[in-house]
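Asker: predicted model, plus sequence, below.
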Amino acid sequence: MSTSFARMGTYLGFLIRRERIVSVIWIVSVVGLVMLFTSLYPSLTPDEATRLQLATTMSSPAMVAMMGNVYGMEQLSQASIMAQECLIWYLVAVVIMNIFLINRHTRVDEELGRLELFRALPVGRLTGSLAIIVLAFLVNLIIALLSAAGLILLDIGGVTTSGALAFGLAIGAGGFVFAGLTMLCAQVFSTSRSVSGAGFVLLGLFYIMRALGDVSDNALSLISPLGLALKVEAFYSDAVLPLVILLIEGLVLAAAALAICAVRDHGAGVVPARRGRAHATRFLRSPLGLAWRLSRGTSLAWGIGLFVLGASYGSVCADVDSFIEGNELMQQVVGAAGTGLILDNYVALIFAIMSMVTSVPVVLSVLRIHNEEKRGRLEQIFAKSVPRLSLYRGFLLVALIESLAFQVLLALGLSAASGGELAMGAVIGAALCYLPAIWAIAGLAILLVGYLPKLTALVWAVFAYTFVAMYFGRIMDVPEWVQRITPFGNIPQLPIQDFTLLPLVLLTLIAIVLAVPGAWRFTQRDIG
Amino acid sequence: MSVIEISGLVKRFGKLTALDGVDLCVEQGEVHAFLGPNGAGKTTTIRCLLGILRCTEGSVRMFGQDAWKNAVELHRRLAFVPGDVNLWSNFTGGEVIDLLLSLNGGKHNSAKREKYLGLFELDPSKKCRTYSKGNRQKVALVAALASDAELFVLDEPTSGLDPLMEKAFQDSITEIMQEGRTVFLSSHIMSEVEKLADSVSIIREGRIVENGSMADIAVKAKGRTLEEFFIAEYEGR
């Protein structure tokens, strides 16, 4: 057995060297964000009354669905409010990090033939797999401990050592479960794309399970690792049991992955590769057909995912009435406007956040041409009688249709599952208002693909800033310009705000001004 | 008439000069071998020829037209096999061949497709990710050979092929030659060059250091084998 893991240490050292930039950036970003937002809470929640009001707003079903159950109403501190509003998002970020981290060193390496080179050395069959699990464990542990240390250092009201540790470890342990899950996916599926795809589907599924479980207070949220991590209740009960269970889940998943890895063939998955068509369909024989064929799997998955997410948010609407009836403070806040106002706020919140999520697959479709370029597949296409724009146009058309279809699907899901609380037409209108903002981000991606293809990652930096500014702008006071400089900060938020055409026209123009030179430049520059 | 005419081609990537004044001429109907050590600039030259890279200085012309400006039109008359064949892992070989053949517009000859699939013993219904290097190479070769191109640009087309397939390739090129079509062949395999080529260019460090017909080369070799002569040229002796 010991030979299965021969030279684990050496390989682990090599992995750490390979990760010295990417993982360090992740660690610094996550810990930096934790500290940045935590430092804002003393001024946001100075006294007991503000905290109580915030917690009351947060206990509406809509907010519970988004961020989890409120706990410890009788002893709210700055730290416990912070944990309840932020922990889930740090957790989601760390989960995404784990999906990429594990995939990068398992299927991606296997697909590119690097792992084969390594397996030919006198190393054990499981050396690589165990090393990556150990690495993931270490990275999650470092994030957990540094986050805890950061909180202790900032020492805002209500911070205790045990609370800070519970907070940090909830993020780390939740992340490690997804390291195990992705590891398992990497054994089951034989392409790196299906591994990361499965990882994100699982993340979405567990987020929805947590939302439904938290709102109706049932075991669904305990099955979801995301829900279980929130049960730690940092800075209130600081429960250890959820952490132990998460750790065990992660270890069991990793062990299962190792067991499969020990018996499977290199390069193969549990799901075998099937035979396909000997001929291309008529549709595939064109640049547009090629663009669709390369996009369709991702497109369909996102479409279904956004519809389900919309529906799960919509299903919460029916609970809003009963929630307000049972809550005196809420009745005062809502006043004469009644439940209508709450629902309007809810719809506005969902589209403000979810429209940004929609822009992710749209940007991915724009960047697909560059992805093809990086993988060396464009030269054989452009060696044919194919104008560069004709293929690019295909990808951009897919992106445009996606932006429209995904927003409509989101609205349809929301409205269909709301039990008649939300009128379909109004919801679709609110969703479509965000299209110009999505196009502006996509326009930036087009500009980068044309002029700075090596720096296309910049679009994700802009996206991250936008998300942070828009999300935290809603729950805390920030200067107006912080949101205004993002495209999403200029969209009229129907139905709580009035419709105005001007910002939509301007954003569409900005999108065009970014996209046209970017696309033109792509036809003029070196490929590869 | 010259099918390919490259003169004074310079290509710089930032500070790095990859091609430093390449002059090259390929006549209609000949097989022109393009040789040189790894990293000498063969693939960069081919990419400039394909209009995928824009030349810094000099001119690159195909069929008398500018290779960059008229790339789309010119490519109707050309078939290309890349040195590194990267395929879409979830496509089948057959799908890739059909796609590549269709992208030149018009109908393609399915009898030829079947002929070359048979000749190279390639199963077109397998997903590309399951193909070995040699089989990926065959996908690109079948897609090129089954086309009606007048010019074939082949970048180390036989790397990864077994000797039987190597022979099938040589037979196919001989057939193409007899039809009066032109072949621009970058290769490291001396026996292949010796058998197929009418003329040769050798590139080293971004410059053409030797070119001429095979007869000229035989004279210059002064009794050495072709391989010995080329190695001397590669080393710059």
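Answerer: Cool, the structure landed. Predicted model only: the values in this text are computed from it and were never measured.
Asker: give me phi/psi at residue A:267?
Answerer: Residue A:267 adopts backbone torsions of phi 90, psi -20, taken as degrees, to the nearest 10.
Asker: if you could redo that for residue B:8, that was the one I meant.
Answerer: Torsion angles, degrees, to the nearest 10, at residue B:8: phi 60, psi 30.
Asker: what's the nearest residue to it if we skip its chain neighbours?
Answerer: Residue nearest to residue B:8 in three dimensions, not counting chain neighbours: residue B:58, with 3.6 Å by C-beta to C-beta, 6 or more residues apart in numbering or on different chains. Where you see a C-beta, it was placed from the backbone N, CA and C, and this is true even at glycine.
Asker: could you measure from residue A:361 over to residue A:207?
Answerer: 16 Å (C-beta to C-beta, to the nearest Å).
Asker: and the pLDDT for the one residue sitting closest to the centre of chain B?
Answerer: With distances taken as C-alpha atoms, centre = their mean, residue B:154 lies nearest the centre of chain B, 1.7 Å away. Residue B:154 carries a pLDDT value of 96.
Asker: could you say which helix or strand holds residue 200?
Answerer: Going with chain A. helix A:192-216 (DSSP states H and E).
Asker: ah, no, chain B please
Answerer: strand B:199-204.
Asker: could you report the neighbour count for the residue in the stretch 1-150 of chain A that chain B sits nearest to?
Answerer: Of all residues in the stretch 1-150 of chain A, the one sitting closest to chain B is residue A:111 (7.5 Å; C-beta to the nearest C-beta). Neighbour count for residue A:111, taken as other C-beta atoms under 10 Å in any protein chain shown: 17.
Asker: what residues does it make contact with?
Answerer: Going by C-beta atoms under 8 Å, 6 or more residues apart in numbering or on different chains, residue A:111 touches A:191, A:192, B:89, B:129.
Asker: and the strands in chain B?
Answerer: Taking DSSP state E to define them, one finds strands in chain B at B:2-13, B:16-27, B:31-35, B:57-62, B:65-66, B:78-81, B:151-155, B:182-186, B:199-204, B:207-213.
Asker: among those, which is nearest residue A:516?
Answerer: strand B:65-66 (25.0 Å; C-beta to C-beta).
Asker: for the closest one, the distance to its chain's centre please.
Answerer: Here the centre of strand B:65-66 is set off from its chain's centre by 19 Å, with C-alpha atoms, centre = their mean, to the nearest Å.
Asker: so what does residue B:187 have for phi and psi?
Answerer: Given degrees, to the nearest 10, the pair of backbone angles that residue B:187 has is phi -150, psi 160.
Asker: now it. Nearest residue, chain neighbours left out?
Answerer: Per C-beta to C-beta, 6+ apart, closest to residue B:187 is residue B:193, 5.6 Å.
Asker: write out the residues of chain A neighbouring chain B.
Answerer: Neighbours of chain B within chain A, by C-beta under 8 Å from any C-beta of the partner chain: A:111, A:190-191, A:273-280, A:284-287, A:290, A:293-294, A:297, A:375-387, A:524-528.
Asker: so, low pLDDT: which residues of chain A?
Answerer: A:1-2, A:272-274, A:318, A:321-340, A:475-476 (pLDDT under 70).
Asker: tell me the domain ranges of it?
Answerer: For chain A, automatic domain parsing gives the domain ranges A:1-39+A:87-269, A:283-528.
Asker: can you put these in TSV and add distance to residue B:228?
Answerer: What follows is those, written out as TSV (distance: least, C-beta to C-beta, whole Å):
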stretch	distance to residue B:228
domain A:1-39+A:87-269	34
domain A:283-528	34
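Asker: closest one to residue B:109 among these?
Answerer: With C-beta to C-beta as the criterion, residue B:109 lies closest to domain A:283-528 of the domains of chain A, at 14.1 Å.
Asker: what about that closest one, distance to the chain center?
Answerer: Worked out by C-alpha atoms, centre = their mean, domain A:283-528 lies 13 Å from the chain centre.
Asker: list the buried residues of the lowest-mean-pLDDT helix or strand in chain B.
Answerer: Least confident helix or strand of chain B, by mean pLDDT, DSSP states H and E, is helix B:226-235 with a mean of 85. By 16 or more other C-beta atoms under 10 Å in any protein chain shown, the buried positions in helix B:226-235 come out as B:226, B:229, B:230, B:233, B:234.
Asker: likewise stretch B:142-160?
Answerer: B:142-147, B:149-158.
Asker: so who does residue A:41 touch?
Answerer: Residue A:41 makes contacts with A:78, A:79, A:81, A:82, A:156, A:157, as judged by C-beta under 8 Å, 6+ apart.
Asker: tabulate those (CSV), appending secondary structure and neighbour count.
Answerer: Below are the contacts of residue A:41 laid out as CSV (DSSP: H, G, I helix; E, B strand; the rest coil; neighbours: other C-beta atoms under 10 Å in any protein chain shown):
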residue, secondary structure, neighbour count
A:78, helix, 22
A:79, helix, 26
A:81, helix, 26
A:82, helix, 28
A:156, coil, 19
A:157, coil, 17
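Asker: and the longest helix belonging to chain A with helix A:192-216, angle?
Answerer: Across chain A, the longest stretch assigned as helix under DSSP state H is helix A:339-374. With axes from the mean of the first three to the mean of the last three C-alpha atoms, to 10 degrees applied, the angle from helix A:339-374 to helix A:192-216 works out at 170 degrees.
Asker: let's see the following helix or strand past helix A:339-374 as CSV, backbone CA atoms only.
Answerer: Going down the chain from helix A:339-374, the next helix or strand is helix A:378-382, by DSSP H and E. This file holds the C-alpha atoms of helix A:378-382, laid out as CSV (Å, rounded to 0.1, in the frame of the first residue of the first chain):
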residue,chain,number,x,y,z
LEU,A,378,-8.1,28.6,-34.9
GLU,A,379,-5.2,28.2,-37.4
GLN,A,380,-6.8,25.3,-39.1
ILE,A,381,-10.1,27.2,-39.3
PHE,A,382,-8.6,30.5,-40.6
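Asker: other SSEs contacting helix A:378-382?
Answerer: helix A:339-374, helix A:388-416 (3 or more C-beta pairs under 8 Å, 6 or more residues apart in numbering or on different chains; DSSP states H and E).
Asker: dump those helices into a markdown table; add mean neighbour count as well.
Answerer: What follows is the helices and strands packed on helix A:378-382, written out as a markdown table (neighbours: other C-beta atoms under 10 Å in any protein chain shown):
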| stretch | mean neighbour count |
| --- | --- |
| helix A:339-374 | 21 |
| helix A:388-416 | 22 |
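Asker: export the ones you listed to CSV and tack on distance to residue B:51?
Answerer: Output for the helices and strands packed on helix A:378-382, formatted as CSV (distance: least, C-beta to C-beta, whole Å):
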stretch, distance to residue B:51
helix A:339-374, 15
helix A:388-416, 9
